[in-house]
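[1] Kindly generate the corresponding structure for this input.
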Amino acid sequence: MIIAFCLYKYFPFGGLQRDFMRIAQTVAARGHRVRVYTQTWQGEKPDNFEIIIVPIKARTNHGRNAEYYCWVQRHLQQHPVDRVVGFNKMPGLDVYYAADVCYAEKVAKEKGFFYRLTARYRHYAEFERATFEKGKNTQLLMLTDKQIGDFQKYYDTETERFHILPPGIYPERKYNHQIPDARAIFRKKNNIDEQDLLLLQVGSDFKRKGVDRSIEALAALPDTIKRHTKLFIVGQDQPRRFATLAEKKGVHENVHFFAGRSDIAQLMAAADLLLHPAYQEAAGIVLLEAIAAGLPVIVSSVCGYAPYIADANCGDVINEPWQQRTLNEALLKALQNSHLREKWAANARNYADVKDLYSLPDRAADIIIGGLHG
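    Numbers count the residues shown, from 1 in each chain. Okay, here's the model as predicted:
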């Protein structure tokens, strides 16, 4: 079969993009042709993909997305495929991979009346409705049960259209795939002293991922701990606003920003704790990567994959309503107590050994290839 994959942007360090790549590669490995429609592509291009860069002229995000959709529809009419799989919401999909939260729910919670009058709102609301509305045929690949509840609340979507996927961690991210003495070797490589405490935060879109919360928590530490604590923030975003915050809080020498890196597994081996106090997160694949790496986690409960941290007992989940003080106290407790961190790390490794954190690409490919009601 010919399978078309639609996503607005590809770059190698986004969670959605990494899931797309694994699923598309799995489909291709089963002997099917993969065609990708995208506005931009960063990074290596697999030889077994037909990658089509869609020409876009509009200046706004919603304008570009609408133009992209119309161009792709015209191209598909001239060059038909057997399945159309979307990683962004849009009309006409056979399968949609839901890596994002419910837009209608987000607007209801965060936006006012006048926002609903904008062209931006009308575009995103229309494309979400076209994907989830009752009576549509689009099969929906979901990451968490919470997502399903939100979408059914607004669109009365048929239950049988939803397919919950297991997580999809790269097996090589697992702790037992690291080299011997990985912690010491990677710390030396990254100029981190053995007595230093390394906090790690990974994810593009720093505002949504709560980087400001992490910096605030670091700044609140007692000086005796703070002077030996570093925060590495890795992701594709503009750090200026957050670097300014770190300087204002007096921790700019402790905070280091990096664009997307390919050595996240090495950084996790070197780190003491992963911070992920997101404001919004449909799933949060980095949380499961931390479990697989044996790295303790402090995470906000809004993240779709936060229950895995609680289930594994490998960190602390900060519940809503959010209070910065709760994160500050949780971070201080974890950094003061090495035995607690060691216990969390052991629990994470055990969880990674006994739970299925790896088979998302195969299950997604089963549904895409096996039939739209698979």
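[2] Just want to check the distance between the closest residue in space to Arg129 that isn't next to it in sequence and Ala104.
    Spatial nearest neighbour of Arg129, chain neighbours left out: Tyr155 (6.7 Å); criterion: Cβ to Cβ, 6 or more residues apart in numbering. Every C-beta, even on glycine, is put in place using the N, C-alpha and C of the backbone. Noted for Tyr155: a distance of 8 Å to Ala104, by Cβ to Cβ, to the nearest Å.
[3] Need the distance between the two termini of stretch 33-52.
    Using Cα to Cα, to the nearest Å, the end-to-end distance of stretch 33-52 comes to 13 Å.
[4] now stretch 197-212
    19 Å.
[5] ok, now stretch 309-329?
    18 Å.
[6] Quick check: mean pLDDT of it?
    Stretch 309-329 carries an average pLDDT of 98.
[7] Also stretch 252-266?
    93.
[8] Would you mind listing the buried residues in it?
    When neighbours are counted by 16 or more other Cβ atoms under 10 Å, the buried residues of stretch 252-266 are found to be 254-257, 260, 264-266.
[9] Restricted to strands, list those residues.
    The strands, defined by DSSP state E, take in 255-257 from the buried residues of stretch 252-266.
[10] quick revisit: now the residue nearest to Arg129, what are its backbone angles?
    Torsion angles at Tyr155 (phi, psi; degrees, to the nearest 10) stand at phi -120, psi 0.
[11] Provide a list of residues in contact with it.
    Going by Cβ atoms under 8 Å, 6 or more residues apart in numbering, Tyr155 touches 104, 129, 132-134.
[12] how far away is it from Ala99?
    As for Tyr155, its distance to Ala99 is 18 Å (criterion: Cβ to Cβ).
[13] What of His163?
    His163 is 14 Å from Ala99, where distance means Cβ to Cβ.
[14] Break this structure into its domains for me.
    Using automatic domain parsing, the domain parsing of the chain gives 2-166+359-370, 171-354.
[15] Any regions of the stretch 51-200 of the chain where pLDDT drops low?
    Within the stretch 51-200 of the chain, no stretch has pLDDT under 70.
[16] Would you confirm that Trp71 belongs to a helix?
    Yes. Assigned with DSSP: H, G, I helix; E, B strand; the rest coil, Trp71 falls within a helix.
[17] Who are the contact partners of it?
    Trp71 neighbours (Cβ under 8 Å, 6+ apart): 54-56.
[18] gap between Glu110 and Gln201?
    Per Cβ to Cβ, Glu110 is found 22 Å from Gln201.
[19] Make sure Pro251 is indeed in a strand.
    Careful, residue 251 is Val; it's not Pro. No. Counting by three-state DSSP, Val251 is located in no strand; its state is coil.
[20] I'd say it and Ala220 touch.
    No. Val251 is beyond contact range of Ala220, at 9.7 Å (criterion: Cβ atoms under 8 Å).
[21] Between those two, which has more neighbouring residues?
    Of the pair Val251 and Ala220, Val251 is the one with more neighbours under other Cβ atoms under 10 Å, namely 20 against 17.
[22] So between Glu110 and Gln201, which is more surrounded?
    Between Glu110 and Gln201, counted using other Cβ under 10 Å, the more crowded position is Gln201 (26 against 10).
[23] Quick check: Ala184 is in a strand.
    No. According to three-state DSSP, Ala184 belongs to no strand; its state is helix.
[24] Many thanks, we can stop here.
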